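**Student:** I would like the atomic coordinates for the input below:
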Amino acid sequence: MTDARSLDRRLVLALAANVAVVVAQGIVGLVAHSLGLLADAGHNLTDVAALALALWAVRVSRREPSARQSFGWHRGGVLAAQANAAGLLVITALVSAEAVRRIGDPPPVRGGLVLGMATFAAVVNAVSAVLLARHTADLGARSAFVHLAADAGASVAVAMSGAVILFTDGNYWLDPAATLVIAALIFAAAWRLLRQSADVLLEATPAGVDPSEVATTIASVPGVESVHDLHIWSLSSAVHALSVHVVVAGHPSLEEAQRVGTAVKAAVSAPFRIAHATIELECEGCVDDGAWCAVSPAVLARVPQTGGSHSHH
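**Tutor:** Sure thing, here's the model as predicted:
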C-alpha cells in the first residue's frame, strides 16, 4: 500500500509538470512554425493522458474485491496501458503523415525557440520518467514511463534539429525529418506495450514463466503423482494466477489431500509469483479430450447414482 501511495504522488507530480509542458510547447510551436515542437506537444499530450490513466488505475487497484469484481480491479492498469498504446499509435500516424507532406517543402522554422523549448521539455520528461522508473512492474505505470522516456528522447531530437537550424540559418527540412525519426521510435515502443497489454487481457502465459517448469515443480511435491490441465495467466502485470489438476498418490484422507494442496501452493507461490492458485486434487486422472478434463469412467462408476431408473422404448 505504501508503494502504491508513493506511485500515486509521483504520478501527480509528473502529470502537473507535463500539463505545463504541453501548454508551453503548443504556444511556442505555433510561434516558431515548428512541426517538431507541435508533434512533441502532441506526444506530451498523450503523456498527460497516459499519466491520468495510470493514476486512475493505481487508485482503482486499491479497491476491495466485490461480488461483481471478485478479483478486484487489478486489470485497471492493463486497460490504461492498452488505451495509452493505442493513442500513441494514432497520434504517431497523424504526425508522420504531416511530416511527409512538409519534408519536400518545409516552412521557415525559428531554430532558437525550438532549441530552448525542446530542451526544457526534454528535462521535464526525463525527470518525470525517473520518478516512475522504480514502479515499472505495474503495466499502467510502465506505459506512462514509456511515454515519458520516448518523449524525452523525442525532445532531444527536436532540440538538435533546432540547434542546426539556428546555427546554419536554414536546413528547415531537419524539423520534419526529426519528427519522422521520433515517430518511428515511439511507434515501436507503443506496439510493444500494446502487445504486452493484449497478452494479459487474452490470458496468455506470463512472460518469464515456463509452464513445463511449473509442472515439474508441482510434480516434485511429496504426495503428487502427476500434473495435468495446467493454466497460468495474469490478473495484472504483477499478479499471476494458476489452475491445475493434481493427481495425488494413493487414496489419502481429506486432511492428507489438503496438506498436499497447501504444499503445492507454497511451491509455486514465490518462484513464479502465483498470487492466486486453484488446485483440483484427484485420486485418478481425469480424461483430457483436448478442450477440458472430464471425469474418467472409472471414477464415475464408483459414484452413487441418484434418482430412479428409466426405461426407454
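
**Student:** Let me see the contact set for residue 107.
**Tutor:** Applying C-beta atoms under 8 Å, 6 or more residues apart in numbering, we find residue 107 in contact with 33, 172. In this view, the C-beta of every residue, glycine as well, is placed from N, C-alpha and C.

**Student:** which SS state does it fall under?
**Tutor:** Here residue 107 takes the coil state, with states given by DSSP: H, G, I helix; E, B strand; the rest coil.

**Student:** quick one, phi/psi of it?
**Tutor:** In this entry, residue 107 is assigned phi and psi values of phi -80, psi 160 (degrees, to the nearest 10).

**Student:** show me where the protein has strands.
**Tutor:** When secondary structure is read from DSSP state E, the chain shows strands at 224-234, 240-248, 274-282, 287-288, 293-294.

**Student:** quick one: the helices in this protein?
**Tutor:** If you assign secondary structure with DSSP state H, the helices in the chain sit at 2-32, 35-60, 76-103, 111-132, 139-168, 174-201, 211-219, 254-272, 297-302.

**Student:** Adding distance to residue 67 and mean neighbour count, write those out as CSV.
**Tutor:** Written out in CSV, the entries for the helices of the chain read as follows (distance: least, C-beta to C-beta, whole Å; neighbours: other C-beta atoms under 10 Å):
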stretch, distance to residue 67, mean neighbour count
helix 2-32, 24, 17
helix 35-60, 17, 25
helix 76-103, 18, 20
helix 111-132, 34, 21
helix 139-168, 25, 24
helix 174-201, 22, 20
helix 211-219, 30, 15
helix 254-272, 24, 15
helix 297-302, 33, 10
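
**Student:** Turn those into JSON lines, including mean pLDDT and distance to residue 231.
**Tutor:** Shown next, in JSON lines, are the helices of the chain (pLDDT from 0 to 100; distance: least, C-beta to C-beta, whole Å):
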{"stretch": "helix 2-32", "mean pLDDT": "78", "distance to residue 231": "28"}
{"stretch": "helix 35-60", "mean pLDDT": "73", "distance to residue 231": "25"}
{"stretch": "helix 76-103", "mean pLDDT": "79", "distance to residue 231": "18"}
{"stretch": "helix 111-132", "mean pLDDT": "82", "distance to residue 231": "32"}
{"stretch": "helix 139-168", "mean pLDDT": "76", "distance to residue 231": "20"}
{"stretch": "helix 174-201", "mean pLDDT": "80", "distance to residue 231": "14"}
{"stretch": "helix 211-219", "mean pLDDT": "94", "distance to residue 231": "9"}
{"stretch": "helix 254-272", "mean pLDDT": "91", "distance to residue 231": "13"}
{"stretch": "helix 297-302", "mean pLDDT": "54", "distance to residue 231": "21"}
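
**Student:** mind giving me TSV with those helices and columns for distance to residue 281?
**Tutor:** As requested, those are exported to TSV (distance: least, C-beta to C-beta, whole Å):
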stretch	distance to residue 281
helix 2-32	35
helix 35-60	35
helix 76-103	31
helix 111-132	43
helix 139-168	33
helix 174-201	28
helix 211-219	12
helix 254-272	5
helix 297-302	13
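
**Student:** From the recorded domain assignment, give the ranges for the chain.
**Tutor:** Here the domain assignment for the chain is 2-201, 211-302, based on automatic domain parsing.

**Student:** For the longest one, what is the distance to the chain centroid?
**Tutor:** When you say that, I think you mean domain 2-201. 16 Å (C-alpha atoms, centre = their mean, to the nearest Å).

**Student:** try stretch 208-221
**Tutor:** Taking mean C-alpha positions (C-alpha atoms, centre = their mean), stretch 208-221 and its chain are 25 Å apart.

**Student:** Give me the contacts around it.
**Tutor:** 205, 224, 226-227, 230, 232, 240, 242, 244, 246, 260, 263-264, 267-268, 271-273.

**Student:** Of the strands of the chain, flag the one that's most buried.
**Tutor:** For those, average neighbour numbers computed from mean count of other C-beta atoms under 10 Å are highest in strand 240-248, which has a mean of 20.

**Student:** partners of that one in the sheet?
**Tutor:** Partners of strand 240-248 in the sheet, by DSSP bridges, are strand 224-234 (antiparallel), strand 274-282 (parallel).

**Student:** Need the residues that contact that strand.
**Tutor:** 71, 206, 209, 214-215, 218, 223-235, 257, 260-261, 264, 268, 272-286, 293.

**Student:** what do you get if the cut-off is 7 Å, keeping everything else the same?
**Tutor:** Counting by C-beta atoms under 7 Å, 6 or more residues apart in numbering, strand 240-248 makes contact with 206, 209, 218, 223-235, 257, 260, 264, 268, 272-286, 293, all of which sit outside it.

**Student:** Please consider this matter closed, and thank you.
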